[in-house]
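> fold the following and give me the result.
(one chain, ligands or ions: 1)
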Amino acid sequence: MAKKKGKGSKGKGSGGRDDSAWARTDVIERQHMHNERLEKYYKAQNILPDEEWEPFLNAMRDPLPTTFRVAGSRQAARLLNDIIKDVHVPHLGDVVFEGEAVSPPQQIPWYPDGLAWQFNVAKKVLRKSPEFKKFHSFLVFETEVGNVSRQEAVSMLPPLFLEVEPHHRAMDMCAAPGSKTAQLLEALHAHDTITASSIPSGLLIANDSDYKRTHLLIHQSARLPSPALMVTNLDASIFPAIKIPSELTTFSADTKARVAAKKQYQLLFDRILCDVPCSGDGTLRKNPGIWKHWSPMDGNGLHSLQLRILQRAMRMLKKGGRIVYSTCSLNPVENEAVVAAALKSIPGFELVDMSNHLPGLVHRPGLTSWKPTVSKEINTEFATYQDYVQSLYDSQRASSKMFESHWPPSAEEAENLGLTRCLRIYPHLQNTGGFFIAILHKKPPVRAPPAPTKRTADAVEGLDTADAKKPKLDTEADAKDAEGQQADDADEELPEEAAGEPTSAMEIDQPISANAAPAEPKIRFKKGKTAEGASAHFKENPYTFIEPDDPIVKACIDSFDLSSDFPSSNMLVRNPAGDTVRSLYMVNDIVKSIVKHNDYARIRLMTSGTKVFGKQEGTEAKRDGVESHFRVLAEGLPVVLPFVGPRAVVHADFAALRVLMEAYYPLTSGFADPFRSTIEAKANGSYVVRFQPGKLEGATLAHELVLPIWKSNVSVTLMLDKRAKSALSLRIFGEDITSAARDAAARRNQKSEATPEVAVDASVQEDDNVDASDVVPGVVDEA
Ligand SMILES: C[S@@+](CC[C@H](N)C(=O)[O-])C[C@H]1O[C@@H](n2cnc3c(N)ncnc32)[C@H](O)[C@@H]1O
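Sure, this is the predicted structure:
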């Protein structure tokens, strides 16, 4: 059997830097890329026609091409993509490495706007070819600052099928390390401009049960700061009901008047991504170690958890909402079997046919039949679960880890469920990893004839109370009774007498009555562990809202000349009582409401919103004697920029930017006018500089750039970290002109053994613990 997944463990298809047995412990030779069981098992599943079997296996043995995506807000991503297309790619067209022509990067045909790229070259080519060196550095730094996401092509797919919009309440149930979370955030921020972030009305909760991996997630999502983001650390299969007050529900005015007043509702989601832990055999090309260790029992063992996660997502989805269920496994037991069991256990859902959603994507339909193996030796002789159970001794039955849901439904059921609407991606089809996607839709409420009796608040409450008491079908054992439960589940729909109302309460967030528990999943804790214990062990600091008239908020409003529409009541701090406030976070209304109405330890809230102001520490601030020691942070600037008033803004030209990039603390006297006289006339402190587009010594600033600075007595500092400065320099000047790069070069020169080729990698590793084998080192690996 597969290793048991305890708290803090991760699925094998968890992506990221993985120290489990699946980790790339070595790079195995092609002739050793065989696994009899794997071949026998997948042959038995009939996943492909005979003539495709060899091409499929061969593709599984080939190294995976390097792929990346240009990330960030749409406008900014398109501009950066143009630099790749128009500046870099033309130089990579004629590269010859060790006597062979190397293909330049190519756009992935199905990715919208051509924002995803693929290299069909080995890693060493990218690292060692001098022609690629400049492009390599460009990618390294853009990856560092989050403008480029190194991500496996197939891993980019689920968010494209989820189609998140800025007003959606979305959830990423198994989110770490966060490459898909980043895509979801980008979709939520579709209205951002190059310089300013929007404040979406929607929400993204990114969750992962692995505490350590939630930090990767936080790091990854910090690159697209969002007041709409929350990161939680919970087992997705028992994700608790989140309470929100009535004013945040979106039902008709009529319903609100009668039902909603002063009640709390369970937040339901418009979009949920279930990118569940899986056996990960679709990543064989990236993780060739899997050839040695693959066992079908891993998929068998993960099936129940996968099913429970999907079922929990279904319970938290709004009517009309959408779930994308995905794995990087080819195993039907982890894919179609999970989807079929979930659809059978919870009525009101259907599989959506999105087979033509991404023109250019080659895929195959989902399977309608498969043969589970009951042992790792690939024993697929039992056509049904009943056959299997009958083969067991009584004493074996209770301990069996195989369930009815491992087996396929009847042909008729498979047809009714529409299993062929699932999408299977095989490595040989488009030179990718293997992947599985299913898109589930929760049907909108059925409109019944107008109600003869008037619906009352109590009627709705009673409905929900009943629902809260209902047994949930969240375990594989319960799934066995799925059909029998369908009638009960149906009362999640509007009651007859209430139907006929336009878009009413039950298709939105579910009311939580005062004396009924919210619709929590049944939580089975390990022996000796309790719910209270689980949250008691949560050691993160709480978030506290800071009053709009708090002196710190008032000082920030004054320093940055913030407009009256600045959401000053949406500012949070996360300091234990009495501690000095170091950072101010900003959240949108829905996040604020969730933080206010839910115990942070119960929802194991790791982070929320975006850090916008930070205390300027050290002698710098003290010596300068400024009134407010808070500065606007680079990561939060796009969020506060729309509110920043003219007093806090300085205009500068392209030449001033060059000076600020070249020196750590350039003297104010070294700048040309008018920037020099403007900045010299300013009090010491934090300002926002708007650099106008222009040309300078062959470099072009194509669009306005807005950056934070700190003005001291005689100097000015660009408040960007050195990685961000280097990325900016490479993007704009085509070379790294920063003081940090010059210092690093000087250090390298002192170390005679250091070669220019490895220097770029070495500098990346210095800060971020990047795997030296990465072609495009990033802070986190892709999923
Ligand atoms: C396939 S990975 C997710 C990759 C991620 N969606 C991305 O694109 O970066 C599966 C994740 O599920 C997490 N996980 C495993 N069991 C879980 C559970 N019961 N609840 C929530 N997350 C879980 C693992 O820690 C792992 O990070």
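> is the helix or strand containing Y325 positioned near the ligand?
Assigned by DSSP states H and E, Y325 belongs to strand 317-327. No. For strand 317-327, no contact with the ligand is found by CB under 6 Å from any ligand atom; the gap never falls below 7.3 Å. C-betas here are computed from N, CA, C, even on glycine.
> that strand pairs with which strands, and in what direction?
Counting by DSSP bridges, the strands paired with strand 317-327 are strand 269-275 (parallel), strand 435-442 (antiparallel).
> tell me the buried residues in the helix or strand following the shortest one?
Using DSSP H and E, the helix or strand that follows strand 269-275 towards the C-terminus is helix 290-293. Neighbour-count burial for helix 290-293 flags 290-291 (criterion: 16 or more other CB atoms under 10 Å).
> after helix 290-293, next one along is what?
As assigned by DSSP H and E, the chain's next helix or strand after helix 290-293 is helix 296-315.
> related to what we said a few turns ago, quick check: buried residues in the strand holding Y325?
Result for strand 317-327 [16+ other CB under 10 Å]: buried residues 317-319, 321-327.
> and stretch 214-229, by the same measure?
214-218, 220-229.
> quick one: which of the strands paired with strand 317-327 is nearest K344?
Among the strands paired with strand 317-327, strand 435-442 comes nearest to K344, with 12.5 Å by CB to CB.
> quick check: domain ranges of the chain?
As assigned by automatic domain parsing, the chain contains the domains 30-61+153-442, 457-532, 544-632, 644-740.
> model confidence over the last one, on average?
Computed over domain 644-740, the mean pLDDT rounds to 93.
> circling back to that earlier point, which pair in the buried residues of stretch 214-229 has the greatest spatial separation?
For the buried residues of stretch 214-229, and using CB to CB, no pair is farther apart than L216 and P227, which are 21.2 Å apart.
> any stretches of the protein with poor pLDDT?
1-27, 122-123, 247-262, 446-536, 577-579, 618-628, 752-783 (pLDDT under 70).
> in three-state terms, label the residue positioned nearest the centre of it for me.
The chain has T181 as the residue nearest its centroid, 1.2 Å off, counting by CA atoms, centre = their mean. Secondary structure, DSSP: H, G, I helix; E, B strand; the rest coil: T181 is helix.
> list the contacts for it?
Neighbour list for T181: 172, 175, 204, 206, 217, 220-221 [criterion: CB atoms under 8 Å, 6 or more residues apart in numbering].
> rerun that using 6 Å as the cut-off
172, 175, 206, 221 (CB atoms under 6 Å, 6 or more residues apart in numbering).
> just V352 next, same as before
Residues in contact with V352 (CB under 6 Å, 6+ apart) are 439, 441.
> for the stretch 51-200 of the chain, which residue gets nearest to the ligand?
C174 (3.2 Å; CB to the nearest ligand atom).
> for that residue, what is the enclosing helix or strand?
Using DSSP H and E, C174 falls outside every helix and strand.
> so it touches C278, yeah?
No. Using CB atoms under 6 Å, C174 is not in contact with C278, being 9.6 Å away.
> tally of neighbours for E350?
Neighbour count for E350, taken as other CB atoms under 10 Å: 15.
> scratch that, M586 is what I was asking about
If we define neighbours as other CB under 10 Å, then M586 has 26 of them.
> look up the residues forming beta bridges with it.
Legend: beta-bridge partners of M586 under DSSP bridges are M571, T610.
> contact partners for the nearest residue to L358 once chain neighbours are set aside?
Leaving aside its sequence neighbours, L358 sits nearest to W110 (CB to CB, 6 or more residues apart in numbering; 4.2 Å). W110 is in contact with 358, 360-361, counting by CB under 6 Å, 6+ apart.
> next, W110: secondary structure please.
coil.
> residue of the stretch 501-650 of the chain nearest the ligand, please.
Ranked by CB to the nearest ligand atom, the top residue of the stretch 501-650 of the chain for proximity to the ligand is R604, at 11.0 Å.
> circling back to that earlier point, for the strands paired with strand 317-327, give me JSON lines that also has mean neighbour count.
Putting the strands paired with strand 317-327 into JSON lines (neighbours: other CB atoms under 10 Å) gives the following:
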{"stretch": "strand 269-275", "mean neighbour count": "26"}
{"stretch": "strand 435-442", "mean neighbour count": "24"}
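> tabulate these (JSON lines), appending distance to P55.
Listed next are the strands paired with strand 317-327 as JSON lines, based on distance: least, CB to CB, whole Å:
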{"stretch": "strand 269-275", "distance to P55": "27"}
{"stretch": "strand 435-442", "distance to P55": "17"}
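> wait, which of these is closest to the ligand?
strand 269-275 (3.6 Å).
> neighbours around L633, how many?
20.
> who's in contact with it?
The neighbourhood of L633, defined by CB under 6 Å, 6+ apart, consists of 611, 614.
> let's see 7 Å
611-614 (CB atoms under 7 Å, 6 or more residues apart in numbering).
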